[in-house]
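Chemist: Next comes the sequence, and after it the predicted model I'd like to discuss.
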Amino acid sequence: MTSYCGAPPHPYDWIGRWNFDPVLLVVLAVAAAVAMRSPHPRLALASVAVLAVAFVSPLCALTVALFSVRAVHHVLLVAAAAPLAALAFPGRGSRHLGIAFLISTATLWAWHLPSLYDRALGDTAVYWLMQLSLLGTASWFWRELFAAPPVTASMASILAMAQMGMLGALLTFARTPLYASHAASTLPWGLEQVADQQLAGLVMWVPGVVPYALATALIARRVWIRAAGTA
């Protein structure tokens, strides 16, 4: 089966590999219309824009060739589009932060199991199940986190940062190729599969944890401002 984003591109043709799937474009247009009606339309539109970059731009095709770009793609979903959507549609209270953390973490880790990952790249239905489950569970987690009390939110953010870093570390230090889907797709780019895999781990280990660190810092700043105001 062919991946939803097509065949793996080569260095000489990837820039022209835009994805103009009409169904996808309609869904993004509807999402943009909904975003305009959100309490914070700029944040909502920014979330839709991130999704457009992930699925319409040549990044989509690059994810088929390079697992490291797939890592960027996943980070965009769970640590950029998801928190922006959560901020655009804020929750009134946090009742299930722990459950949301566990489910979103389990979902992220599950889709990095070689069997599930390879199946997603070869089956369009499974591919979209992967994308929607990652985005949906991450949005739920961020929405719960932003509505939680400061101490609880800080702990959850630190735990989320830790699990992202742990997954990245496991990929970085793996000494054997894990994903059959990328067995030959990295070679035209001058990368051995293990090197590409290690680069993916570094993406998740370093830039992947930045949004969680920023969230932790933002929460701490709010607590400090409140404390200063009551002093």
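Modeler: On my side now, so go ahead.
Chemist: Distance from stretch 34-47 to the middle of the chain?
Modeler: Chain-centre distance of stretch 34-47: 19 Å, with CA atoms, centre = their mean, to the nearest Å.
Chemist: Extract the C-alpha trace of that stretch and format it as CSV.
Modeler: Provided in CSV are the C-alpha atoms of stretch 34-47 (Å, rounded to 0.1, in the frame of the first residue of the first chain):
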residue,chain,number,x,y,z
VAL,A,34,-15.0,27.3,13.3
ALA,A,35,-11.8,29.0,14.5
MET,A,36,-13.2,32.4,13.6
ARG,A,37,-16.0,31.8,16.0
SER,A,38,-13.8,30.7,18.9
PRO,A,39,-13.3,32.8,22.0
HIS,A,40,-9.7,33.4,20.8
PRO,A,41,-9.8,33.3,16.9
ARG,A,42,-6.2,34.2,16.4
LEU,A,43,-5.0,31.2,18.5
ALA,A,44,-7.5,28.9,16.8
LEU,A,45,-6.4,30.1,13.3
ALA,A,46,-2.8,29.6,14.3
SER,A,47,-3.7,26.0,15.2
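Chemist: Name the residues that touch that stretch?
Modeler: The set of residues that contact stretch 34-47 without belonging to it, under CB atoms under 8 Å, 6 or more residues apart in numbering, is 32, 48, 80, 81, 82, 84, 85, 87, 88, 89, 90. Every residue, glycine included, has its C-beta placed from N, CA and C.
Chemist: Go ahead and confirm residue 6 touches residue 17.
Modeler: Yes: counting by CB atoms under 8 Å, residue 6 does reach residue 17; the two are 6.8 Å apart.
Chemist: So for those two, which residue has more residues nearby?
Modeler: residue 17 (20 against 12; other CB atoms under 10 Å).
Chemist: residues touching the more buried one, list them.
Modeler: 5, 6, 9, 58, 60, 61, 62.
Chemist: Rebuild these as a markdown table, extending it with pLDDT, distance to residue 110 and secondary structure.
Modeler: Converted to a markdown table, the contacts of residue 17 look like this (pLDDT from 0 to 100; distance: CB to CB, whole Å; DSSP: H, G, I helix; E, B strand; the rest coil):
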| residue | pLDDT | distance to residue 110 | secondary structure |
| --- | --- | --- | --- |
| 5 | 94 | 21 | coil |
| 6 | 93 | 25 | coil |
| 9 | 95 | 27 | coil |
| 58 | 98 | 27 | coil |
| 60 | 97 | 22 | helix |
| 61 | 96 | 24 | helix |
| 62 | 97 | 23 | helix |
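Chemist: now those residues: which count as buried?
Modeler: 5, 9, 58, 60, 61, 62 (16 or more other CB atoms under 10 Å).
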